[in-house]
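Engineer: Below: sequence and its predicted model.
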Amino acid sequence: MPAATAPVVSMSGVRKRFNEGLPNETEVLHGIDLAVRPGEFAALIGPSGSGKSTLLNLIGLLDRPSAGEYLLKGVSIGSASDDERTRARLDTLGFVFQFHHLLPGFSALENVMLPGLMRDGAFTRSQRENARELLASVGLSGAFDKRPGELSGGMQQRVAIARALALAPDLVLADEPTGNLDTHSADEAFALLRRFNAERGCAFIIVTHDPRLAARCDRVIELRDGSVERDGPVVAAGPPG
């Protein structure tokens, strides 16, 4: 990756406190410095309570930092209005969750079209064509009209991955994307994420408790007690001795 490539995400001195100004005020993140460049594929790891979900919510513009600077594609997002943050989220970010969060009353095709509906205010022909292409690319060309309840867990997660890519995001945030799947379905879902990273050049941050998956990423960001303890390339295991 060229050093001159501008980061998609750049955080400097980011802190997050809850219950600010109250006797039970708690600081969860303590001065996070983080940059994620286009095309990176990073694992975000750490024990429960280390701040992974809080950090992911800040990166995803689902919450605001208490201090520090957050640049999204070079633009400071800290003082942006809620509407500006929603637009930036739709224009830049995709999301995959452990639990698929598909709308049960919508078909697979309509679920993939949801980000476009949120952006454009209506379903359009181009959204439908794009959703068909994405579902076909995740192996679900025969499931356009099926509702989530008619799909297996692995198939639902593939719909969720297609939905995350619907608006061609610069960065996909995946929170335990394989945590609710059996080993075979988890491997399939992870392979899709890696394939889209290679083919489309979008960056990924994968929150995982699975060291096997983290080892298959290119970079590992480890949080401990609200601070970045380690951030660097995955070190390949040597031959058994």
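Structural biologist: Now that the structure is in, tell me what you want to look at.

Engineer: for the residue lying closest to Thr92 once chain neighbours are set aside, what are its contacts?
Structural biologist: Nearest non-adjacent residue to Thr92, counting by Cβ to Cβ, 6 or more residues apart in numbering: Asp170, 5.0 Å away. To be clear about C-beta, it is placed using only N, CA and C from the backbone, and glycine gets the same treatment. Counting by Cβ atoms under 8 Å, 6 or more residues apart in numbering, Asp170 makes contact with Val8, Pro38, Lys73, Thr92, Leu93, Cys202, Ala203.

Engineer: Reformat those into CSV and put neighbour count, secondary structure and pLDDT next to each item.
Structural biologist: What follows is those, written out as CSV (neighbours: other Cβ atoms under 10 Å; DSSP: H, G, I helix; E, B strand; the rest coil; pLDDT from 0 to 100):
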residue, neighbour count, secondary structure, pLDDT
Val8, 24, coil, 92
Pro38, 16, coil, 93
Lys73, 16, coil, 90
Thr92, 21, helix, 91
Leu93, 23, strand, 92
Cys202, 24, coil, 91
Ala203, 21, strand, 94
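
Engineer: ok, so of those residues, who is nearest Arg194?
Structural biologist: Cys202 (11.6 Å; Cβ to Cβ).

Engineer: so how far is Leu165 from that closest one?
Structural biologist: 7 Å (Cβ to Cβ, to the nearest Å).

Engineer: quick one: common contacting residues for these two?
Structural biologist: In contact with both Cys202 and Leu165: Gly94, Val172, Phe196, using Cβ under 8 Å, 6+ apart.

Engineer: Give me the phi and psi for the last one.
Structural biologist: Spelled out, that is Phe196. Backbone torsions of Phe196, given as degrees, to the nearest 10, read phi -70, psi -30.

Engineer: Run a quick neighbour tally on it.
Structural biologist: 21 (other Cβ atoms under 10 Å).

Engineer: Now it: closest residue in space that isn't a chain neighbour?
Structural biologist: Computed as Cβ to Cβ, 6+ apart, the closest residue to Phe196 that is not its neighbour in sequence is Leu165, at 6.1 Å.
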